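Undergrad: quick check, what structure comes out for this input:
(one chain, ligands or ions: 1)
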Amino acid sequence: MHVNSNDPLGAAISVVTQGARGLSDLLGAYQKRDPAARTKLEVLLLYPGVHAVIMHRVSNWLWRHHLRFLARLNSQIARHMTGIEIHPGATIGRRFVIDHGMGIVIGETAQVGNDCLIYHGVTLGGTGKDRGKRHPTLGDHVLVGCNASVLGPVTIGNHSRVAAEAVVLHDVPPYSTVAGVPAHVVRSVNDKDEVVHSSASLRVDDEEDICLDCDTLIMHHRRVVRM
Ligand SMILES: CC(C)(COP(=O)(O)OP(=O)(O)OC[C@H]1O[C@@H](n2cnc3c(N)ncnc32)[C@H](O)[C@@H]1OP(=O)(O)O)[C@@H](O)C(=O)NCCC(=O)NCCS
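TA: Residues are numbered from 1 along each chain as shown. Below is the predicted model:
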């Protein structure tokens, strides 16, 4: 929609329209992901992840307009209500689903792409060693399982999955599943969801300590599963 900057009413209508569309998409994403979610009204009223994301949109707006104290205050109120702590500076994409909520921490410089799903207990945090950009970046369509920690300025590629309880300390290529502590690639698929590699089939050169089947996709993940 074209917005005339000299027309405050038009601009306000545009913001409200976009906000309503974004909210409807968000509620639809919960219905798609959670078989227990029956109606959009129920999702809006009863799902703490929705409340946390809506309040984060407000906190983030305040943060970007240098109202830092109010931004932090709003995010702390959201934390008390939902058990989900999203720093106001974090960048959150569209249709972000937080299933169950509780015990979630998302740091200041974290970036979350579109259509991501995370479960309770997830940390997108820093290692304590980095300055500046010190939190993870999730691509689009990323899943992070319950109680997983993704630490440091690492990137999780599009369509990748972090298994429940994993601790991720390195970049994850697109279309990969990582598991374990520290996490390593256990499965990779292509964009047609055909399995390219799985931990059951990876061959390892014991002398060189490298995976023979992984090519450039996961060569830098030297801790492959040994079968
Ligand atoms: C990782 C996950 C997304 C499955 O992804 P996938 O790409 O379909 O992977 P697969 O199920 O094919 O598993 C691949 C390998 O990882 C292993 N694996 C799966 N989840 C694992 C986990 N959490 N920890 C350790 N290993 C795991 C599997 O056993 C399998 O190993 P194998 O190849 O030696 O048999 C899923 O197991 C998971 O952890 N989902 C999170 C769900 C969650 O948090 N639910 C909470 C609901 S309240």
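Undergrad: what's the pLDDT at Val112?
TA: pLDDT for Val112: 98.
Undergrad: nope, Asp213 is what I was after
TA: The model's pLDDT for Asp213 equals 48.
Undergrad: output the set of residues of this protein in proximity to the ligand.
TA: Proximity of the chain to the ligand, by CB under 6 Å from any ligand atom, involves residues 100, 119, 143, 145-146, 161, 163-165, 177, 179-180, 186-187, 198-200. All C-beta spots, glycine's among them, are computed from the backbone N, C-alpha and C.
Undergrad: how about the chain: which residue is closest to the ligand?
TA: Gly145 (2.9 Å; CB to the nearest ligand atom).
Undergrad: what's the neighbour count on that residue?
TA: For Gly145, the count of nearby residues is 19 (other CB atoms under 10 Å).
Undergrad: now it. Nearest residue, chain neighbours left out?
TA: Ala164 (3.3 Å; CB to CB, 6 or more residues apart in numbering).
Undergrad: OK, contacts around the one you found?
TA: 119, 145-148 (CB atoms under 8 Å, 6 or more residues apart in numbering).
Undergrad: closest one to Gly125 out of these, please.
TA: Nearest to Gly125 out of the contacts of Ala164 is Ala148 (CB to CB; 11.1 Å).
Undergrad: can I get the longest strand anywhere in the chain as CSV, trimmed to CA atoms?
TA: Taking DSSP state E as the criterion, the chain has its longest strand at strand 184-189. Below are the C-alpha coordinates for strand 184-189, written out as CSV (Å, rounded to 0.1, in the frame of the first residue of the first chain):
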residue,chain,number,x,y,z
HIS,A,184,27.0,-32.1,15.5
VAL,A,185,25.2,-32.8,12.2
VAL,A,186,23.2,-36.1,12.4
ARG,A,187,21.1,-35.7,9.3
SER,A,188,21.0,-33.6,6.1
VAL,A,189,18.3,-33.4,3.5
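Undergrad: partner strands of that strand, parallel or antiparallel?
TA: strand 176-179 (antiparallel), strand 195-198 (antiparallel) (DSSP bridges).
Undergrad: in this structure, where is pLDDT below threshold?
TA: 1-5, 200-227 (pLDDT under 70).
Undergrad: picking that back up, pull the distance from the longest strand of the chain to the chain's centre.
TA: Here strand 184-189 is found 18 Å from its chain centre; the criterion is CA atoms, centre = their mean, to the nearest Å.
Undergrad: thanks again, I'm all set now.
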